[in-house]
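Let me see the structure of the following:
(2 chains)
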Amino acid sequence: MLKIENLHATVDGKPILKGISLNLKPGEIHAIMGPNGSGKSTLAYVLAGRPGYEVTEGAVTLDGEDLLEMEPHARAAHGMFLGFQYPVEIPGVSNVQFLRTALNAQRRARSEAELSAGEFLRVARAQADALGLDMEMMKRAVNVGFSGGEKKRNEMVQMGIIDPRLAILDETDSGLDIDALRVVGNGINRIMRKPDKAVLLITHYQRLLDIVEPDFVHVLAGGRIVRSGGAELAHELEREGYGEMAA
Amino acid sequence: MTLLALPSNREEAWRWSDLSALPALADRVPTGEVPGALPWIACAQEGARLLFVDGRLDESRSRTGPVEIGQVAVETGHPLGRLAGKTGWSLKLGRDHAPPGLVQIVHVSTGAADHLTAEILLDDDAQASIVETYVGEGWTNRLTGIALGRSARLMLSRRILGESGFASLTDQAALGEGASLVVAMLAVGGRDTRLDGEIDLAGEGAYAEAAGALLARGRQRHDANLVVRHLLPLGMSRQIWRSVADDQAACSVAARVEVARDAQKTDGEQSLKGLLLARSATINAKPELEIFADDVKCAHGATVGELDRAALFYLESRGVSPDEARALLTRAFVADALERVGEEKVREAFYADAERWFA
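Model (predicted):
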């Protein structure tokens, strides 16, 4: 589904990614772990097409199509979702308005019928309920006045509503307490653990991987993948730290 | 060639205005062609409807209700207000009176200049809601005098649409004890504007609100100048202006709050915000406070900025196109001002007008 080949990228002219190759197939969950500054978030932003992140070498395809040629909104319409490490506050735009605009823009791009206000609200309510977010919050401005945990839950509500085929989740577990982590982790499993979907789960810690069990674990250090393995690799990292591998 | 005595940019109060188009507009002959569809607002309770074409009442398409047409005298020293003349419309409501429904006035300009004066006099406890909509392509010049008695309430909403030309609106208002005046404006067409407002809170505990959303593109100019004077204690005022400028356009808002020595416990607030959609556009924001009383609360804020890039990317990453994302954020930006419109149907019309600007 997502094929990354020898990806190099710079931010402000500074090389951050130095040759990453990954192949995500439908039904797979890949975890990317690594120390601070290893390039995890840069990888997420490059894949989503954030301005300022420049690809200098390599290729990325989504279902065989050149992902890097697509604008960010086109990537979304092709089924990609980025869960932000720091979800953005947007005063004056309600969650409901934002998500209905986003969902219908994607559906239009895929020549699917748009959802009416009523249909949309039913979908939104179901997802908000599943993630324990009050529907009243969905009517408020996007992430404004939300706690750190509520913002992350809101990312998952958005993912549930948009129902992407490929999710790139950038430290979705950071800033969550144990209970919220369980809610979010179960949300990821419920929404994304399907034979036709794939997830790239970027995380610092083992905790989330106890709930969302990865099929593959990759260690990113210094802009390269230095080791890949199965779920057991995450446990090894938890015991021994990144020290050896990152060196 | 008409001889127009217009203020020059050398005068501080006119430094951001461009009146250079006015002499030529004043010399033009109106076409008299009225568009088939007029921007009336459909509401549950229909009130008076007045259609002015080039400053003249079109009686066949108006029902004046409590509004009178004829001689109107409003004293002014304003250089454009002075040109408005001595005829126009007036709404005079006796104590406790309220006209049924919304008073709607549509001003159509068919390419030349027209001038009109209006007077709104509400006696104690009277109340009214008026919406004025300006369309067409000439120079529309208006002077409006407003006097509100004790606890009278007036909601005045103005939509400046129109394809081209100029609209100059000069308001002079005096509020009695506990009276309330809310003026909300939206300038969203292709016209240049010069908006002047002077509001005197001349009774204790009066409330005044002046809000506006100015949207400009091309080489358009919007220029608003407001003064709120707190003359007696316990008054409250709010000035909320949102300017959006694209291309080479310029939006300017100068808003002043004056608090007289006797106006203790005044509560004033100014919020002037500008949004630049292009680096070549201009926003001027000039908040001013002049306070002679010692026990007052006056907050003011002025900001000018661009659309939040992080928010744009967030929206785009969810599938919203760049154009739609910009429109969504710009709409949210002007909403603070549009929300001040009291009646739901009028507010919806304001939002729909703004929506067309983004289309």
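
CA atoms for contacts and neighbours, from now on please.
Will do.

so which residue of the stretch 151-300 of chain B comes closest to chain A?
residue B:242 (13.2 Å; C-alpha to the nearest C-alpha).

who does that residue bridge with?
Per DSSP bridges, the residues bridged to residue B:242 are residue B:213, residue B:273.

Report how many residues lie close to it.
Residue B:242: 27 surrounding residues under other C-alpha atoms under 10 Å in any protein chain shown.

how near is the closest residue to residue B:216 other than its chain neighbours to residue B:335?
Spatially, and ignoring its direct neighbours in sequence, residue B:216 is nearest to residue B:245 (4.9 Å; C-alpha to C-alpha, 6 or more residues apart in numbering or on different chains). For residue B:245, the distance to residue B:335 equals 16 Å [C-alpha to C-alpha, to the nearest Å].

number of nearby residues for the residue in chain A positioned nearest to chain B?
With C-alpha to the nearest C-alpha as the measure, residue A:73 is the residue of chain A nearest to chain B, at 4.0 Å. Counted with other C-alpha under 10 Å, residues neighbouring residue A:73 total 27.

surely the residue nearest to residue B:216 meets residue B:283?
Yes. Using C-alpha atoms under 8 Å, residue B:245 makes contact with residue B:283 at a distance of 6.9 Å.

Model confidence for residue 84, exactly?
Just going to use chain A. Turning to residue A:84, the model gives it a pLDDT of 96.

I was after chain B.
Model confidence at residue B:84 (pLDDT) stands at 93.

Below-threshold pLDDT in the stretch 1-150 of chain B: ranges please.
Scanning the stretch 1-150 of chain B for pLDDT under 70 picks out B:1-3.

Let me see the ranges of the strands in it.
B:46-53, B:56-57, B:67-71, B:87-93, B:102-109, B:113-122, B:127-136, B:139-148 (DSSP state E, counting those that start in this stretch).

Would you mind listing the buried residues in the first one?
Spelled out, that is strand B:46-53. Within strand B:46-53, the residues scored as buried using 16 or more other C-alpha atoms under 10 Å in any protein chain shown are B:47, B:48, B:49, B:50, B:51, B:52, B:53.

which non-adjacent residue is nearest the residue of chain A closest to chain B?
residue B:319 (4.0 Å).

neighbours around that neighbour, how many?
Residues near residue B:319, counting by other C-alpha under 10 Å: 32.

residues in contact with it?
A:72, A:73, A:74, A:75, A:76, A:77, A:102, A:103, A:105, A:106 (C-alpha atoms under 8 Å, 6 or more residues apart in numbering or on different chains).

Quick check: the residue of chain B nearest chain A.
For chain B, C-alpha to the nearest C-alpha, closest residue to chain A: residue B:319, 4.0 Å.

Those residues of chain B touching chain A, which are they?
B:310-311, B:313-322, B:328-329, B:332-333, B:335 (C-alpha under 8 Å from any C-alpha of the partner chain).

Buried members of those into ChimeraX, please.
One line in ChimeraX is enough to select the buried members of the residues of chain B next to chain A, burial here meaning 16+ other C-alpha under 10 Å:
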select /B:311,313,314,315,316,317,318,319,320,321,322,328,329,332,333,335
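
circling back: contacting residues around the residue nearest to residue B:216?
B:215, B:216, B:217, B:251, B:274, B:275, B:276, B:277, B:278, B:281, B:282, B:283.

Counting only strands, which of those residues make the cut?
B:215, B:216, B:251, B:274, B:275, B:276, B:282, B:283 (DSSP state E).

Could you check how far the third one is from residue B:214?
Same thing as residue B:251. Between residue B:251 and residue B:214 the computed distance is 7 Å (C-alpha to C-alpha).

which residues are in contact with both of these two?
Joint contacts of residue B:251 and residue B:214 (C-alpha under 8 Å, 6+ apart) are B:222, B:243, B:244.

residues touching the second one, list them.
If you count contacts by C-alpha under 8 Å, 6+ apart, residue B:243 has them with B:213, B:214, B:215, B:251, B:252, B:273, B:274, B:275, B:283, B:334.

and if you look at the first one?
When the contact criterion is C-alpha under 8 Å, 6+ apart, the partners of residue B:222 are B:17, B:187, B:192, B:193, B:194, B:195, B:214, B:215, B:216, B:250, B:251, B:252.

Recalculate using a threshold of 10 Å.
If a contact means C-alpha atoms under 10 Å, 6 or more residues apart in numbering or on different chains, then residue B:222 has B:16-18, B:166-168, B:187-188, B:191-195, B:214-216, B:243-245, B:249-253, B:283 as its contacts.

Ok, the last one next?
The contact partners of residue B:244, taken as C-alpha under 10 Å, 6+ apart, are B:188, B:213-217, B:222, B:250-252, B:273-278, B:281-283, B:304-306, B:330-331, B:333-334.

again, but for residue B:65
B:47, B:48, B:49, B:50, B:91, B:99, B:100, B:103.

Selecting buried members of the contacts of residue B:244 in PyMOL, what would you type?
Buried members of the contacts of residue B:244, defined by 16+ other C-alpha under 10 Å, are picked up in PyMOL with:
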select buried, chain B and resi 188+213+214+215+216+217+222+250+251+252+273+274+275+276+277+278+281+282+283+304+330+331+333+334
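
circling back to that earlier point, for residue B:245 and residue B:283, list the residues in contact with both.
By C-alpha under 10 Å, 6+ apart, residue B:245 and residue B:283 have these common neighbours: B:221, B:222, B:251, B:252, B:274, B:275, B:276.

Now for the nearest residue to residue A:63 once chain neighbours are set aside, how many residues are close by?
Once flanking residues are discounted, residue A:63 sits nearest to residue A:1: 4.8 Å by C-alpha to C-alpha, 6+ apart. Other residues near residue A:1 come to 19 when the count uses other C-alpha under 10 Å.

isn't residue A:1 right next to residue A:67, touching?
No. Here residue A:1 does not reach residue A:67: they are 11.1 Å apart, not a contact under C-alpha atoms under 10 Å.

Could you name every residue contacting both of the two?
In contact with both residue A:1 and residue A:67: residue A:61, using C-alpha under 10 Å, 6+ apart.
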